[in-house]
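Q: My questions are about this predicted structure, shown below with the sequence.
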Amino acid sequence: MSAQHNRSEPVRETASICCYCGTGCGLLIRSQGQQVLEVIGDTEHPSNRGELCSKGRQLAATVRHDHSRILQAQWRPAKHLPRHAIPLQDACDIVANKLAEAIVMHGPDSIGFYLSGQLLTEDYAVFNKLARALVGTNNIDTNSRLCMSSAVSGYIKTLGADAPPACYDDLDLADTVMIAGSNMAYAHPVLFRRLAEAKAHRPAMKIIVVDPRRTDTCDIADLHLAIAPGSDVALFHAMLNVMVWEDLINRDYITQHTEGFDALKQRIHEFTPQAAQDVCGVPAADIIQCARWFGQAGSALSLYAMGLNQSSSGTAKNAALIHLHLATGQIGKPGAGPFSLTGQPNAMGGREAGGMATLLPGHRSPGNADHRAEVARLWQVDTLPETPGHTALDMFDAVLKGDIKVLWIAATNPAQSLPDQAKVRAALQKAELVIVQEAFANTETLAYADLILPAATWPEKEGTVTNSERRISRVRAAISPPGDAQPDWRLVCTIARKLAAHIAPEKIHLFDYPNEAAIFAEHARSTAGRDLDYSLLDYAVLQAHGPQQWPYNAATQSPQRLYTNGVFPSASGRANFMDVGYVPVAEQTSAAYPLRLTTGRMRDQWHTMSRSGLAPALNSHVEEPFVYLHPGDMQRRKIVNDTLLKIKTKRGAIILPAMGDDSLKPGHAFLHMHWGSAYMAGDGINALANPVRDPISHQPELKHSAAGLEVFKHAWTATAWVRGDPAHWRPRLVHWLKRFPYAVLVSSALGGRSVRLRLAGPDVISAAQLEQLATDLELDQAELSFDDPARGIMRRLRRHEGKLDAWLLAGDTRAANALLLWADTGEAPRHASQVIMGRSTAATRARMVCTCAGINDAQINTAIESGQDLEALKTSLNCGVTCGSCLPQIKRMVEHAHATEPLA
């Protein structure tokens with residue numbers, strides 16, 4: 001790490017917010033000079049009360065001011081030319097000039113802005129103002145379209161506004177909790193641990209998990225409904241059918257506070273538990289039990305996320321779940337309500353600021369003339385654009401059609417995260433100008449950038465975020481941005497003033513903000529009189545009184561829960577039962593595509609790993625990409641673990657090794673969503689994903705594709721490991737990903753910091769290619785070398801100061817396990833030459849379980865064999881006690897050991 005660290009300077013402690021999920025955990029950042037020393041949980045923050053997950057605890061390891069960061073602006077005047085560094089002000093001039101040219105030549109709608117839930121509210125506010133008040137386009141959207149837009153439309157269609165009505169305290173108070181389409185244990189681990197503790201203290205609490213997979217979240221479940229992907233509406237309608245039949249609904253609440261129930265009641269007649277069993281693939285008895293637990297509960301809470309949202313019927317899924325709360329009156333009271341868990345740290349704040357094509361600031365709509373006029377007055381402009389803007393995927397379609405010429409991308413990585421990557425990358429290649437505003441130098445989208453703006457990131461920025469429970473918190477900078485990097489809002493305002501000088505000099509002053517507080521103050525005014533009103537909130541209040549929930553009233557305490565009086569922010573003041581039917585997944589299985597392919601998260605990684613992948617410890621739990629299959633499916637196909645498979649959908653194909661996983665149902669396959677072309681051959685996991693959108697929310701069906709697979713026949717394989725900083729090694733080795741149909745280049749925690757490379761192809765490579773591979777690994781002068789280039793075989797090994805430093809096995813990889821074990825333990829074998837020739841038998845390498853304590857499965861199994869139970873393991877090994885993310889896995893290990901004990 002090259003950040004300045006002057007030990008004579010005092011150690012500072014800065015209160016801020018975690019930059020990962022939407023839980024909004026408070027942090028204390030301990031820094032000295034320009035180095036972050038440690039990150040711990042803030043016990044005073046109400047959202048997490050000092051708790052952090054494995055990712056949050058490793059944040060200090062991700063703060064790098066070296067070649068993993070973008071330190072200078074870069075520019076290429078033509079697509080065929082390489083980019084070169086330029087002064088930041090020159091880059092801002094180029095952006096302003098190019099935007100002005102596009103507006104004059106093609107009109108304002110020739111420009112598109114694609115933003116991120118990673119941005120702070122202040123960043124969103126100025127981007128939105130730039131797009132709509134200066135450029136004059138509604139073509140501004142965000143990657144929140146991929147995760148939260150169905151939740152937004154579901155809330156609006158039923159409750160009248162995009163406002164989660166529950167709070168985190170409800171996790172402690174609920175009698176029944178239904179978790180639908182969310183692996184909370186991985187996606188929102190701090191909230192999951194809180195729920196697990198509530199269950200431990202109140203064993204009578206019923207927890208239901210609705211998920212096609214048996215995830216770690218099922219560890220605390222009383223009932224797991226492993227429904228068929230996409231069948232949620234059928235399940236929820238069947239539950240409501242049971243509640244109506246058994247008179248578990250609250251008729252008074254329905255009559256006094258809702259509308260539309262009669263039409264929905266007629267629709268659900270056909271959704272009997274038996275009918276839903278046929279659609280969902282779960283027993284009718286379990287559906288009835290689920291309905292009874294929900295309907296009979298004193299308080300019922302639902303928690304949901306991407307499994308509902310990332311669907312071509314995501315709005316209907318959200319609405320059908322919310323109907324259960326409205327029909328039973330389980331909303332607006334302690335322990336109850338439909339609670340959407342936000343995926344990103346400020347996806348909520350971005351919605352408040354109107355940072356999506358379908359929104360304006362303050363929960364307004366760009367399709368409403370009165371709303372446009374209100375925002376125009378606030379921004380001191382005459383009018384706002386009326387033409388509907390393109391949402392995320394539509395924006396890239398518009399680029400392909402030639403309608404959008406300039407694309408400005410900020411703090412997101414569409415060349416990995418969007419579905420149907422072939423089309424997305426074609427659009428990025430076709431755009432006349434791609435501007436990428438980014439902090440990290442390792443994202444796939446940078447390859448398509450014509451101009452790169454160096455952005456500040458956590459923990460270098462000031463501003464605010466809003467979490468899942470509508471709580472606004474201050475983000476504070478602990479260190480300064482490196483190089484020429486600047487906060488996003490400052491880059492935007494600089495360019496906006498330059499652009500205004502070209503096209504509307506009278507608007508230059510609109511972007512003269514002295515600081516973040518001034519931007520927030522203007523944004524807060526946009527909420528006046530709206531359902532989320534926090535117009536009286538400012539930085540001074542947040543400094544004096546800490547994080548605040550909206551709506552905020554200076555005279556009274558902010559409400560934890562919404563709709564406690566049964567009045568909703570709709571035209572009638574009532575909630576609405578949306579008459580929605582069940583629509584199956586967009587892509588049905590077939591003989592060519594017989595598998596149901598789903599995707600999800602790894603425990604210790606986040607999104608495209610541009611930040612989390614920099615922390616060595618976070619690379620140890622899942623080390624490389626696999627395709628996960630049910631063991632029975634593998635047996636029928638005569639596939640074993642590590643068999644290379646070609647997984648294909650109608651959009652593309654990738655090659656990955658197989659891994660058996662009995663958490664899946666037969667006929668299902670699973671991929672971790674994080675892996676992109678920075679780590680593997682091809683266009684990454686989302687090359688397979690379905691771009692079909694929900695007609696209301698425009699959110700794509702990332703959670704399901706019909707897939708086929710076949711064994712990949714290869715004549716040659718290679719694997720290598722080299723110690724050192726991945727930020728150094730990756731640029732040297734990444735070109736190999738484009739040269740083989742199967743290739744994986746991953747960061748590793750083995751030996752501290754290191755990288756691993758795996759290759760496979762249909763043909764034996766040439767002697768020259770072998771030598772190039774060895775040179776790239778700096779193994780051309782290896783300590784041990786056993787080569788047979790005619791057969792494509794090369795075995796090389798290097799040590800440094802007695803430690804294993806690098807090795808390559810090409811053409812013959814039998815020694816890989818032994819060499820990985822050596823790299824892992826640091827214990828050198830007696831005869832290294834025997835090892836590299838594959839003539840020694842190696843023990844199975846241990847796998848990491850507890851990232852926080854560095855405890856692997858071998859250590860845990862040894863302790864279990866000595867008679868230790870779960871509590872004893874926590875004490876003796878200190879595993880599962882820091883963040884708790886590994887507890888479900890440890891519990892399974894204990895249960896498995898007991899289940900396999902011989903009878904006395």
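A: Happy to help now that I have it.

Q: what's the closest non-adjacent residue to Lys98?
A: Computed as C-beta to C-beta, 6 or more residues apart in numbering, the closest residue to Lys98 that is not its neighbour in sequence is Leu433, at 5.3 Å. Every C-beta, even on glycine, is put in place using the N, C-alpha and C of the backbone.

Q: quick one: which helix or strand includes the residue nearest to the spatial centre of the chain?
A: To find the centre residue of the chain, average its C-alpha atoms and take the closest one (C-alpha atoms, centre = their mean): that gives His607, at 3.7 Å. When elements are defined using DSSP states H and E, His607 is found to belong to no helix and no strand.

Q: Quick check: it vs Glu438, distance?
A: Going from His607 to Glu438 by C-beta to C-beta, to the nearest Å gives 13 Å.

Q: and after the lowest-mean-pLDDT helix or strand in the chain, which helix or strand comes next?
A: For the chain, counting by mean pLDDT, DSSP states H and E, helix 832-836 ranks last in confidence among helices and strands (a mean of 85). From helix 832-836 onward toward the C-terminus, using DSSP H and E, the following helix or strand is strand 848-850.

Q: contacting residues around the residue nearest to Lys98?
A: Going by C-beta atoms under 8 Å, 6 or more residues apart in numbering, Leu433 touches 98, 102, 405-407, 450-451.

Q: same thing but 7 Å
A: Leu433 makes contact with 98, 405-406, 450, according to C-beta atoms under 7 Å, 6 or more residues apart in numbering.

Q: Most neighbours out of those residues, which is it?
A: With neighbours set by other C-beta atoms under 10 Å, the maximum within the contacts of Leu433 is found at Val406, which has 24 neighbours.

Q: Model confidence at it, what's the number?
A: Per-residue confidence at Val406 stands at 99 (pLDDT).

Q: Return the distance of the residue nearest to Lys98 relative to Ala715.
A: For Leu433, the distance to Ala715 - C-beta to C-beta - is 44 Å.

Q: which one is Asp533 nearest to, not counting chain neighbours?
A: Taking C-beta to C-beta, 6+ apart as the measure, Asp533 lies nearest to Pro551, with 4.5 Å between them; neighbours along the chain are not counted.

Q: Find the helix or strand that the one you found is a member of.
A: Assigned by DSSP H and E, Pro551 falls within no helix or strand.

Q: Surely it touches Tyr534?
A: Yes - using C-beta atoms under 7 Å as the test, Pro551 is close enough to Tyr534 to be in contact (6.4 Å).

Q: So for the helix or strand hosting Ala376, what gets flagged as buried?
A: In this assignment (DSSP H and E), Ala376 forms part of helix 369-379. Of the residues in helix 369-379, 371-372, 374-376, 378-379 count as buried by neighbour count, 16 or more other C-beta atoms under 10 Å.

Q: Could you double-check that Trp293 lies in contact with Asp175?
A: No - in this structure Trp293 lies outside contact range of Asp175 using C-beta under 7 Å: 8.5 Å.

Q: got any residues that touch both of the two?
A: Lys206.

Q: what about Ala658, distance to His188?
A: The separation that Ala658 has from His188, given C-beta to C-beta, amounts to 29 Å.

Q: These two - which one has more neighbours?
A: Here Ala658 and His188 are compared on neighbour count by other C-beta under 10 Å; more neighbours surround His188, at 26 against 23.
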